[in-house]
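**Q** Fold the following, please.
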Amino acid sequence: MQQLIHTSVMKKVLFISYFWPPSGKASLHWPLKIVKHLPQFGWQPVVLTVEEDTFSAKDESLLNEIDENLKVFKAKSFEPFELYKKFTGKKKDEQLIASETISTINKSLTHRISIWIRMNLFIPDARVGWYFPAVHKGMKILEAEKIDAIVSIGPPHTTHLVGMSLSKKFFIPHIPVFIDPWVDIVYYKNFKRSKPTLLIDNYFEKKVLLNSKFSIFVTKTMEEDYIKKYSVLKNKSDVCYWGYNEEDFVNLNKIDKTKDEKNYDEEIIIHAGNIFDYQNPVYFWQSLKDEIDSGRNIKIKFIGTVSEGIKQAIEQTGLRSRTEFLGFLPYNKMIEELSKASYLLVCATEPRHVPGKLFEYLRIGKPIIAFGDDNNEVKKILEDTKAGILFNYAEDGKSFLKNTGNFKTKVDLVKSFDRKNITLDISKILNSLTT
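**A** Residues are numbered from 1 along each chain as shown. As a prediction, this is how the structure comes out:
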């Protein structure tokens, strides 16, 4: 399929993505699939990534998604996480947990010092040690390949600085893709950043966006927020949702039928992906406990890392015996677990956040309960697809638990979020910038 257009007539695009297989980082799925589909639409991708992502869990199965003809270049990086482990007394082989590194519950002096360093000295983010090696490697690539456009995926927003630098040196259009906001990304909200840090970070953000030929945001609300901040984006930005990959769901019905019939009355609610202290639907946990006490056989499963605040809330509500923490799972195993669930839980971090897992949930087709304060975008997607309901974090979600049979997902509408469709849109953007 990928050879519909001969490579000799294809334009080339350099994708700068810090995360790439065998990293199991969730944010790599968007560039991985876009890169996979682009050749069908006349674009030959080339990838620049890090030599090794030492933070994220590995998912070797994702290596099977990479076309053997795809050119992938890697640049070394200085990552501070090994120093963080030593400073905080962790073992060298101990896996770091995302929610733990920015925990507000851990009050130790070493943790608080580490947080201050992370928030104020690593600008724009903890992967800034990749900037110079990546620019150097990128220059080598651009000297050897006829690249027509540069796309950078952030966070980490260091990738956008790399893309901007290469764009200016070689006069090639740069398209930054914002999966999350930059200077006010949600995990900064509980921490104080110094005025000089904010000035520098805002300067970097503004410089990247003004230099960009076009900018892509994965949510409409984020695009609108950035247009208010930088009016120039009004005529040079668009939304390309996170989406999902239809090919990953071809065996969905077969998987669903393997559900254990011995526990036919068991209701499983699953949350997939990292969940932080600021995504804690505390009143919903109590609703689940009330339903269990009334006789319902409800079980909770978490896939991915879970913050200590969430775990404490589960424990305090008396749900620990009904809760299973599965940890990180390879992507295909995660999809299998979701397909066996009765209901799916998703927690948005802020109004501009449309969680990536929402689209996989939609394709699974099970009733979705979502939490997110004033998140009209998630609310509209759920209403349009008839897939579920959104609550504010101060609500208990009881009406969902009482009416789970009312949600029948409109799968045909959901399929518009297939990443093949999103790739077509991106190819049109690239074409408009290079003709």
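**Q** Could you list the domains of the chain?
**A** Partitioning the chain according to automatic domain parsing yields domains covering residues 7-80+122-243+418-434, 247-416.
**Q** okay if I get those as CSV plus mean pLDDT and distance to residue 108?
**A** In short, each C-beta sits where N, CA and C put it, glycine included. Supplementary listing: the domains of the chain in CSV, determined by pLDDT from 0 to 100; distance: least, CB to CB, whole Å:
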stretch, mean pLDDT, distance to residue 108
domain 7-80+122-243+418-434, 94, 15
domain 247-416, 92, 13
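**Q** Including mean neighbour count, could the ones you listed go into JSON lines?
**A** Putting those into JSON lines (neighbours: other CB atoms under 10 Å) gives the following:
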{"stretch": "domain 7-80+122-243+418-434", "mean neighbour count": "19"}
{"stretch": "domain 247-416", "mean neighbour count": "18"}
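**Q** what would the ones you listed look like in a markdown table with distance to residue 116?
**A** Output for these, formatted as a markdown table (distance: least, CB to CB, whole Å):
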| stretch | distance to residue 116 |
| --- | --- |
| domain 7-80+122-243+418-434 | 8 |
| domain 247-416 | 18 |
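**Q** Looking at those domains, spot the one closest to residue 114.
**A** Nearest of the domains of the chain to residue 114, taken as CB to CB: domain 7-80+122-243+418-434 at 9.0 Å.
**Q** Just give me how far that closest one sits from the chain centre.
**A** Domain 7-80+122-243+418-434 has its C-alpha centroid displaced from the chain centroid by 13 Å (CA atoms, centre = their mean, to the nearest Å).
**Q** Same question for stretch 265-279.
**A** With CA atoms, centre = their mean as the basis, the distance from the averaged C-alpha position of stretch 265-279 to the chain average is 16 Å.
**Q** Let the chain start at 573 from now.
**A** OK, 573 is where the count begins now, so the last one is stretch 837-851.
**Q** got the CA positions of that stretch in PDB?
**A** Taking Å, rounded to 0.1, in the frame of the first residue of the first chain, the C-alpha atoms of stretch 837-851 are listed here in PDB:
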ATOM      1  CA  ASP A 837     -22.000 -10.600  36.200                       C
ATOM      2  CA  GLU A 838     -18.700  -8.800  36.700                       C
ATOM      3  CA  GLU A 839     -18.500  -5.200  35.500                       C
ATOM      4  CA  ILE A 840     -15.000  -4.000  34.800                       C
ATOM      5  CA  ILE A 841     -14.200  -0.300  34.500                       C
ATOM      6  CA  ILE A 842     -10.800   0.500  33.100                       C
ATOM      7  CA  HIS A 843      -8.600   3.600  33.000                       C
ATOM      8  CA  ALA A 844      -5.700   3.400  30.500                       C
ATOM      9  CA  GLY A 845      -2.700   5.700  30.500                       C
ATOM     10  CA  ASN A 846      -0.900   7.700  33.100                       C
ATOM     11  CA  ILE A 847      -3.100   9.300  35.800                       C
ATOM     12  CA  PHE A 848      -1.900  12.100  38.100                       C
ATOM     13  CA  ASP A 849      -3.000  13.600  41.400                       C
ATOM     14  CA  TYR A 850      -4.800  16.400  39.500                       C
ATOM     15  CA  GLN A 851      -7.000  13.800  37.600                       C
END
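**Q** coming back round to it: which one of the domains of the chain lies nearest to residue 681?
**A** Put simply, out of the domains of the chain the one that sits nearest residue 681 is domain 579-652+694-815+990-1006, at 15.7 Å, with distance taken as CB to CB.
**Q** The lengthiest strand in the chain pairs with which strands, parallel or anti?
**A** Scanning the chain for the longest strand, with DSSP state E as the assignment, gives strand 615-622. Here strand 615-622 is paired, per DSSP bridges, with strand 583-588 (parallel), strand 643-647 (parallel).
**Q** now what about it, what contacts it?
**A** Applying CB atoms under 8 Å, 6 or more residues apart in numbering, the set of residues contacting strand 615-622 from outside is 579, 582-592, 603, 606-607, 610-611, 642-649, 699, 702, 706, 709-710, 713, 717, 719, 734, 999, 1002.
**Q** Tell me who's in contact with the nearest residue to residue 787 once chain neighbours are set aside.
**A** Leaving aside its sequence neighbours, residue 787 sits nearest to residue 809 (CB to CB, 6 or more residues apart in numbering; 4.4 Å). Under the criterion of CB under 8 Å, 6+ apart, the contact list for residue 809 reads 786-789, 795, 798-799.
**Q** wait, which of those is closest to residue 899?
**A** residue 789 (30.9 Å).
**Q** Tell me how far the residue lying closest to the closest one once chain neighbours are set aside lies from residue 776.
**A** With CB to CB, 6+ apart as the criterion, residue 789 has its nearest non-adjacent residue at 4.0 Å, and that residue is residue 795. Residue 795 sits at a distance of 19 Å from residue 776 (criterion: CB to CB, to the nearest Å).
**Q** right, and residue 759 touches residue 846 too?
**A** No. Assessed by CB atoms under 8 Å, residue 759 is found out of contact with residue 846, at 10.3 Å.
**Q** Wait, a helix at the residue nearest to residue 789?
**A** Yes. The secondary structure assignment for residue 795 places it in a helix, going by DSSP: H, G, I helix; E, B strand; the rest coil.
**Q** do you know how far it is from residue 863?
**A** Residue 795 is 39 Å from residue 863, where distance means CB to CB.
**Q** Residue 928 too?
**A** Using CB to CB, one gets 28 Å for the distance from residue 928 to residue 863.
**Q** rewinding a little: relative to residue 884, which of the strands paired with strand 615-622 is closest?
**A** Set against residue 884 and scored by CB to CB, the strands paired with strand 615-622 come closest in strand 583-588, at 38.7 Å.
**Q** Fine, thanks again, bye for now.
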